[in-house]
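Chemist: Please work out how this folds:
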Amino acid sequence: MSNHPASMLPSPEPLLSLASSSNGRVSGKPWKLQKFATVRSHLPPGVKTTSWEARKEKEKKAAAIKKLQIELKDEKQAEIQRRREITLERKNAADEKRRLEEAKAQMGARKAARLRRKAGRTKKINH
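Modeler: Take a look at the predicted model:
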């Protein structure tokens, strides 16, 4: 039965190759462009391309840098405040010293005036 006429014929091959999707399909109209699916994602490209772990690591590094910057800024502010307080204390001490000297000079002038008045009461000076 091997001499059957159907077994002698070659297997029928398709005349046109059929594409399973539109990828292999070519339009007969050369002015028409191939259509693509619409991209509707509103996410920024950095979010779409990087992994969650990479983003979290980047956020952690940024937080550490920000914390360090805040600490340095606080230290700088504390140093400025310390210098301000020292300057203010020196100024207050100088003002107090000047005020005491003025009061001492005023008291000396009052005492001298009082002594002059007292000296003018005697008959020896006041004739």
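
Chemist: give me the low-pLDDT residue ranges for this structure?
Modeler: Filtered on pLDDT under 70, the chain yields the residue ranges 1-24, 122-127.

Chemist: Grab the longest helix from it for me.
Modeler: helix 52-119 (DSSP state H).

Chemist: next one: it to chain centre, how far?
Modeler: Relative to its chain's centre, helix 52-119 lies at 29 Å (C-alpha atoms, centre = their mean, to the nearest Å).

Chemist: which residue is nearest the centroid of this protein?
Modeler: A centroid search over the chain (C-alpha atoms, centre = their mean) returns Lys66, at 6.2 Å, as the residue closest to the centre.

Chemist: Could you check how far that residue is from Glu101?
Modeler: Lys66 sits 52 Å away from Glu101, going by C-beta to C-beta, to the nearest Å. For glycine as for every other residue, the C-beta is placed from the backbone atoms N, C-alpha and C.

Chemist: for Ser27, same thing?
Modeler: Ser27 is 104 Å from Glu101, by C-beta to C-beta.

Chemist: Please apply the same query to Trp52.
Modeler: For Trp52, the distance to Glu101 - C-beta to C-beta - is 73 Å.

Chemist: And for Ala94?
Modeler: Taking C-beta to C-beta, one finds Ala94 at 11 Å from Glu101.

Chemist: Next, show the common contact partners of the two.
Modeler: By C-beta atoms under 8 Å, 6 or more residues apart in numbering, Ala94 and Glu101 have no common neighbours.

Chemist: quick one: which helix or strand includes Ser41?
Modeler: Per DSSP states H and E: Ser41 is located in neither a helix nor a strand.

Chemist: Who are the contact partners of it?
Modeler: Lys48.

Chemist: How about the backbone phi and psi for it?
Modeler: Phi and psi for Ser41, reported as degrees, to the nearest 10, are phi -80, psi 130.

Chemist: Now do it against Val47, distance only.
Modeler: Ser41 is 9 Å from Val47, by C-beta to C-beta.

Chemist: Over to Gln81?
Modeler: Gln81 is 42 Å from Val47, by C-beta to C-beta.

Chemist: same deal with Ala64?
Modeler: Distance, Ala64 to Val47, by C-beta to C-beta: 22 Å.
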